[in-house]
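> no FASTA, just this:
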Ligand SMILES: NC(=O)C1=CN([C@@H]2O[C@H](COP(=O)(O)OP(=O)(O)OC[C@H]3O[C@@H](n4cnc5c(N)ncnc54)[C@H](OP(=O)(O)O)[C@@H]3O)[C@@H](O)[C@H]2O)C=CC1
Ligand SMILES: O=C1O[C@H](COP(=O)(O)O)[C@@H](O)[C@H](O)[C@H]1O
């Protein structure tokens, strides 16, 4: 792996959950892989008044906790040499002056401002950086998701960030696009001829995308209760995966060629407003139950959740894409917390043969399926029918499987590691452009408006199940089932 150019990364929200659990461990791992130069600087920035030593102690204990046995003292020493801390309250001008002193003389290096704070601080911080002339031509800003809470607030943030940074300097991150299997989906579709003729209406019967989590809201209830699953997972991760499945082949691998094609998918999504939203979406909220045999509390009993919250912890949607390629092919999306297991996958079910020549298993559903597993296992499985050994032509289901970990052994990058290296190298391909974000919010907002209009409570589901029964009905009424219910 190539050494990265020397960079200065200012991590706003450097004491927060995301920084401690994902971003700093990701940077530690890239240091272990020899990609980070010794004169690189990683500066945690937050409101807390901490010394460098106090900050390092926090980072160290989090790296130890989140690196599953990969942590070692020798590598920690070299990583720690790059890490510093600066107290910056977003609204405090004097604090930017202190940051400015830390960055002085390093204007030629790649400079990254990573916004890992609540989105309502993104613009304020960018304006503070610009006022203190901290934005150099080699600077980039990274904006975490969800960017805003609706189209209006997202536009406002983008406008204000745009006064400090030009669009090619803005990296809107979606860590799902950094996942190896998601990129393998691009390789599968655009690096092989095999699937392209089948990747369309008339050949594909329906598509399912599931992002299931077994965890609850953890320590993020305040954020989550204001946000809900639709804005936390659907507006970004699920729609981005949908775009990658449904987009036309871009003419080049250039970031804008890819982003143009994703944008066309977002524009072709059939709007879900009013009654259409009511009929084609299901909201759920988990009740007490058990995960892997351990009892867990319900959402309304979680710390910091208001007693009568109507925030959804589960969403299922039926989505249609009004395009030449996909007209009439339903896409079923679902995501939820406290589901039976952590399981993210995309299932493309193909049409059945028009005429069955051979004896086949009794099955209502087509058996030709491509299953793309994103996590916890990463792999691709093609379900086909094969001849059962012995006399006669009896068919039975068989699998052609590719397990990425087994086939490509060697160290793998997690989503944030991959995306951080892309940011440092200035590669925008896997990041969302502003118009994509606008289009995603423009499609999401009417769904929320419809939910508010109907004032129905989310459907209850028991923690440890696959969500409310209505999510099964959403797909069963079209003659299909979720893969876990097959
Ligand atoms: N956590 C996760 O798994 C994920 C989070 N995200 C996104 O990442 C972002 C950060 O999330 P998360 O880490 O969970 O949030 P946290 O609440 O854990 O952290 C927020 C951070 O912001 C800092 N902060 C708060 N107020 C100010 C201020 N006025 N000025 C400067 N810094 C401030 C806090 O510092 P201090 O404590 O010192 O005040 C803290 O470091 C959010 O946009 C979230 O949506 C996205 C995907 C997953
Ligand atoms: O963005 C988010 O993603 C995580 C799930 O990410 P994963 O990589 O563990 O699948 C989710 O828990 C969180 O609520 C959301 O903000």
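Yes, it's here. Predicted model only: the values in this text are computed from it and were never measured. Ligands and ions are numbered 1, 2, ... in the order given.
> confidence score at residue 365?
Listed pLDDT for residue 365 reads 67.
> before we move on, what about residue 377?
Note for residue 377: predicted pLDDT of 89.
> helix, strand or coil for it?
coil (DSSP: H, G, I helix; E, B strand; the rest coil).
> and it, how many neighbours does it have?
15 (other CB atoms under 10 Å). The C-beta positions use only the backbone N, C-alpha and C, and glycine is treated the same way.
> nearest residue to it in space, ignoring adjacent ones along the chain?
Nearest non-adjacent residue to residue 377, counting by CB to CB, 6 or more residues apart in numbering: residue 403, 6.9 Å away.
> across the sheet, point out what pairs with the one you found.
residue 379 (DSSP bridges).
> which residue does the stretch 351-486 of the chain bring closest to ligand 1?
At 9.5 Å from ligand 1, residue 416 is the closest residue in the stretch 351-486 of the chain, using CB to the nearest ligand atom.
> same check, this time on the chain
residue 16 (2.3 Å).
> so what touches the longest helix along the chain?
If you go by DSSP state H, the chain has its longest helix at helix 434-454. With contact meaning CB atoms under 8 Å, 6 or more residues apart in numbering, helix 434-454 is reached by 147-148, 150-151, 154-155, 158, 162, 167, 170, 172, 230-231, 234-236, 239, 243, 259, 262-263, 266-267, 269, 271-278, 281, 283, 317, 432.
> for ChimeraX, write the selection for the buried entries among the residues you listed.
To isolate the buried subset of the contacts of helix 434-454 in ChimeraX, counting by 16 or more other CB atoms under 10 Å, use the following:
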select :147,148,150,151,154,155,158,170,172,230,231,234,235,236,239,243,259,262,263,266,269,272,276,277,278,281,283,317,432
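> near ligand 1, from the contacts of helix 434-454?
With CB under 6 Å from any ligand atom as the criterion, the contacts of helix 434-454 include none near ligand 1.
> tell me which of the contacts of helix 434-454 fall in strands.
170, 172, 281, 283, 317 (DSSP state E).
> what sits against the fourth one?
Translated: residue 283. Residue 283 touches 229, 230, 312, 314, 315, 451, 456, 458, 459, counting by CB under 8 Å, 6+ apart.
> tell me which of the residues you listed has the lowest pLDDT.
pLDDT across these is lowest for residue 456, at 88.
> and the closest residue to it other than its chain neighbours, how far from residue 36?
Using CB to CB, 6+ apart and skipping the chain neighbours, the partner closest in space to residue 456 is residue 283 (8.0 Å). Residue 283 sits 43 Å away from residue 36, going by CB to CB, to the nearest Å.
> for the residue of the chain found nearest ligand 2, give me the pLDDT.
Nearest to ligand 2, among the residues of the chain, is residue 232, at 4.7 Å (CB to the nearest ligand atom). If you check residue 232, the pLDDT there is 97.
> give the burial count for it, as a bare number.
Look at residue 232: counted by other CB under 10 Å, it has 23 neighbours.
> same check on residue 80?
Residue 80 - counted by other CB under 10 Å - has 18 other residues nearby.
> in what helix or strand does it lie?
helix 73-82 (DSSP states H and E).
> helices along the stretch 251-400 of the chain, start to end?
Per DSSP state H, counting those that start in this stretch, the stretch 251-400 of the chain carries helices over the ranges 255-268, 274-280.
> any chance of those in CSV, with distance to ligand 2 and mean pLDDT too?
What follows is the helices of the stretch 251-400 of the chain, written out as CSV (distance: least, CB to the nearest ligand atom, whole Å; pLDDT from 0 to 100):
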stretch, distance to ligand 2, mean pLDDT
helix 255-268, 18, 97
helix 274-280, 22, 96
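> low-scoring pLDDT stretches of this structure, where are they?
363-365, 411 (pLDDT under 70).
> for residue 301, see how far away the residue nearest to residue 251 when sequence neighbours are not counted is.
In this structure, residue 251 finds its nearest non-sequential neighbour in residue 257, 5.5 Å apart by CB to CB, 6+ apart. Going from residue 257 to residue 301 by CB to CB gives 49 Å.
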